[in-house]
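1. Just to be clear, the model below is a prediction. Sequence and coordinates:
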Amino acid sequence: MKALVCKHHGEPESLSFEDWPAPTPRDGEVLVALHAAGLNYPDILQVAGTYQIGSAIPCVFGAEGAGEVIACGAGVEQFRPGDRVLVLAMGCWAEQVCVPAAALVKLAEGIDMVSAAAFPVAYNTAWHALLQRGDLRAGETLLVHGASGGVGLAAVQIGKYLGARVIATGSCDDKLERVRRLGADQVINCRTRALREALHELTDGAGVDVVFDPVGGAQVDATLKSLAPFGRLLVIGFTSGQIAQLPSNLLLLREAVAIGVNIGQWTRRNPAASRQNLVDIQARIAAGQLVPFVARTFDLADGAAALRSILNREVVGKYVLLTELGKLHADRCLREKSFAHRGRGA
């Protein structure tokens with residue numbers, strides 16, 4: 001089979017698209033023919049070798065995907081060949097992946113493979129952060145940094161679903177306008193406006209109740225000074241490349257809390273709860289209450305170019321890689337939709 005392989009750490013262009021041994025399911029494992037795989041900013045750190053959890057190389061990265069079950073190992077009873085599934089395990093930048101059955105979730109009817117590959121990591125992170133760690137409630141004000149990225153945009157949508165007022169930040173007016181159209185109530189361009197003053201104006205000095213921060217870096221001081229009493233700062237990541245030093249006096253003054261969110265570690269400790277999150281998120285997607293935004297699809301062979309585009313901050317939402325099987329399926333779906341449209345027009 002073909003895969004996007006990391007043979008040595010480096011820039012995205014160091015990845016190679018080549019033959020890779022096809023896996024065989026052992027006891028308790030499931031073999032999945034992948035249609036699509038989602039891309040996330042931590043993927044870039046893994047390829048570079050700077051992620052906080054290392055991996056032995058050569059290897060195939062990619063922590064989320066969607067496809068069809070083609071074989072099951074002994075002892076697997078909850079899946080059968082032909083089942084459409086979400087995959088939450090490393091190795092999804094390939095045409096096939098073999099994973100423990102516990103790393104799969106059945107894909108709900110009505111959700112296509114491209115959308116399915118786009119939401120597991122970002123939406124599970126935002127769902128866990130806002131509901132289970134940040135306790136975001138209807139009527140509260142949520143500040144989302146880095147709102148045009150995959151996880152930031154997921155937080156915007158989930159915040160609105162939960163009934164919060166959502167203020168989104170970024171550094172590009174065009175991207176922020178897209179984020180506004182996708183659900184944010186107000187947006188702040190941090191390149192052209194001082195964050196603290198903008199938040200003071202937008203909240204009439206009351207501050208924000210919850211901050212969702214996958215960026216870190218220089219804005220943390222202004223962010224903490226903009227927290228409402230008993231506010232919650234959710235530390236998601238550091239896409240800025242800077243790990244911020246939190247001034248604890250600001251937490252004390254506001255009786256606020258800083259909360260770390262590590263969806264990978266939490267999922268490993270609570271696999272059943274993580275799978276239930278994905279079931280709950282799928283129900284909202286199927287109902288149209290959440291809409292994963294896929295900016296573009298790439299061929300699996302062009303994964304390095306997609307990662308470079310993410311690194312250059314060119315994307316709003318998510319990029320998804322398609323295998324040959326995924327492209328065939330997507331083309332068939334487009335043809336079926338076209339025929340259905342013509343039928344209605346006739």
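-> Received it, and whenever you're ready, just let me know what you need. Numbering: from 1, shown residues only.
2. residue boundaries of the strands in the stretch 101-250 of the chain?
-> Applying DSSP state E, counting those that start in this stretch to the stretch 101-250 of the chain gives strands spanning 104-106, 141-144, 165-170, 186-189, 208-213, 227-235.
3. mind listing what the third one pairs with, with the direction of each?
-> What it means is strand 165-170. strand 141-144 (parallel), strand 186-189 (parallel) (DSSP bridges).
4. what about those, which gets the closest to A56?
-> strand 141-144 (35.0 Å; Cβ to Cβ). For every residue, glycine as well, the C-beta is placed using N, CA and C.
5. where exactly do the helices run in this structure?
-> For the chain, helices defined by DSSP state H occupy the ranges 41-48, 113-118, 120-127, 150-161, 173-181, 195-202, 220-225, 248-254, 263-269, 271-286, 303-311, 324-345.
6. Roughly how far does V5 sit from A94?
-> 9 Å (Cβ to Cβ, to the nearest Å).
7. So for the two, which sits in the more crowded spot?
-> Taking neighbours as other Cβ atoms under 10 Å, V5 and A94 compare with A94 leading, 25 against 19.
8. Pull the contacting residues for the more buried one.
-> M1, K2, A3, L4, W20, L34, V60, G62, L300, T323 (Cβ atoms under 8 Å, 6 or more residues apart in numbering).
9. Nearest the geometric middle of this structure, what residue?
-> The centroid of the chain falls nearest to A122 when counting by Cα atoms, centre = their mean (1.9 Å).
10. List the contacts of it.
-> With Cβ under 8 Å, 6+ apart, A122 has these contacts: G38, N40, G150, V151, L153, A154, P292, K318.
11. now with 10 Å?
-> 38, 40-41, 64, 149-155, 157-158, 214, 263, 292-293, 317-318 (Cβ atoms under 10 Å, 6 or more residues apart in numbering).
12. do N277 as well
-> 105, 120, 123-125, 127-128, 131-132, 263, 266-267, 270.
13. Just the buried ones from those?
-> V105, P120, Y123, N124, T125, W127, H128, I263, W266, T267 (16 or more other Cβ atoms under 10 Å).
14. can you pull the contacts of the first one?
-> For V105, the contacting residues are 66, 85-88, 116, 120, 274-279, 281-282, taking Cβ under 10 Å, 6+ apart as the criterion.
15. In PyMOL, how would I select the buried members of those?
-> Here is the PyMOL selection string for the buried members of the contacts of V105, based on 16+ other Cβ under 10 Å:
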select buried, resi 66+85+86+87+88+116+120+274+275+277+278+281+282
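16. Quickly check the contacts of V105 for the two that are furthest apart.
-> A66 and Q276 (18.3 Å).
17. per-residue confidence averaged over stretch 120-131?
-> Mean per-residue pLDDT for stretch 120-131: 97.
18. And that stretch, how far out from the chain middle?
-> 8 Å (Cα atoms, centre = their mean, to the nearest Å).
19. Minimum distance to V30: which of the strands of the stretch 101-250 of the chain has it?
-> strand 104-106 (5.9 Å).
20. What strands flank that closest one, and is each parallel or antiparallel?
-> Strand 104-106 has these strand partners (DSSP bridges): strand 84-87 (antiparallel).
21. Closest to A256 out of the contacts of V105?
-> Distance to A256 across these (Cβ to Cβ) is lowest for N277, with 25.6 Å.
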